[in-house]
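Novice: need a structure here:
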Amino acid sequence: MSLSDLHIDEVPAWGQETPQTADFVRDVIHKETVIKEILASQEDLRTLLARIQTIQKEVDKLTSGNETLQMYIDNLTVQMAKRR
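Specialist: Coordinates of the predicted model:
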């Protein structure tokens, strides 16, 4: 909408926004808010992923330790069986 399309009674007052401008500003603000929320969610996901990777490393380490202990127990069992 241009000013030439408006009649004198329809021209917005000085400093008053036209409806299209108000909608545009509202849309831009909404988009900025959504983008900020997406970026915050992405950062939260990165944090969770890092924590999951740390926990997975701990689980792998404990699993390896358990396997070593199981071999030790199996060897002791075999040695005890040979002594009988």
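Novice: can we go C-alpha only for contacts and neighbour counts from here?
Specialist: OK.
Novice: Identify the residues contacting Lys61.
Specialist: Contact analysis of Lys61 by C-alpha atoms under 8 Å, 6 or more residues apart in numbering lists nothing.
Novice: got a list of what Val28 touches?
Specialist: Taking C-alpha under 8 Å, 6+ apart, one finds nothing in contact with Val28.
Novice: so where does it fall, helix or strand?
Specialist: Using DSSP states H and E, Val28 sits in helix 19-83.
Novice: export stretch 44-59 as PDB, just CAs?
Specialist: Taking Å, rounded to 0.1, in the frame of the first residue of the first chain, the C-alpha atoms of stretch 44-59 are listed here in PDB:
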ATOM      1  CA  ASP A  44      20.800 -27.900  25.000                       C
ATOM      2  CA  LEU A  45      21.100 -30.900  22.600                       C
ATOM      3  CA  ARG A  46      24.800 -30.400  22.200                       C
ATOM      4  CA  THR A  47      25.200 -30.400  26.000                       C
ATOM      5  CA  LEU A  48      23.100 -33.600  26.300                       C
ATOM      6  CA  LEU A  49      25.100 -35.300  23.500                       C
ATOM      7  CA  ALA A  50      28.400 -34.400  25.200                       C
ATOM      8  CA  ARG A  51      27.000 -35.900  28.500                       C
ATOM      9  CA  ILE A  52      25.800 -39.000  26.700                       C
ATOM     10  CA  GLN A  53      29.300 -39.500  25.100                       C
ATOM     11  CA  THR A  54      30.900 -39.100  28.500                       C
ATOM     12  CA  ILE A  55      28.600 -41.700  30.000                       C
ATOM     13  CA  GLN A  56      29.100 -44.100  27.100                       C
ATOM     14  CA  LYS A  57      32.900 -43.900  27.700                       C
ATOM     15  CA  GLU A  58      32.400 -44.600  31.400                       C
ATOM     16  CA  VAL A  59      30.100 -47.600  30.500                       C
END
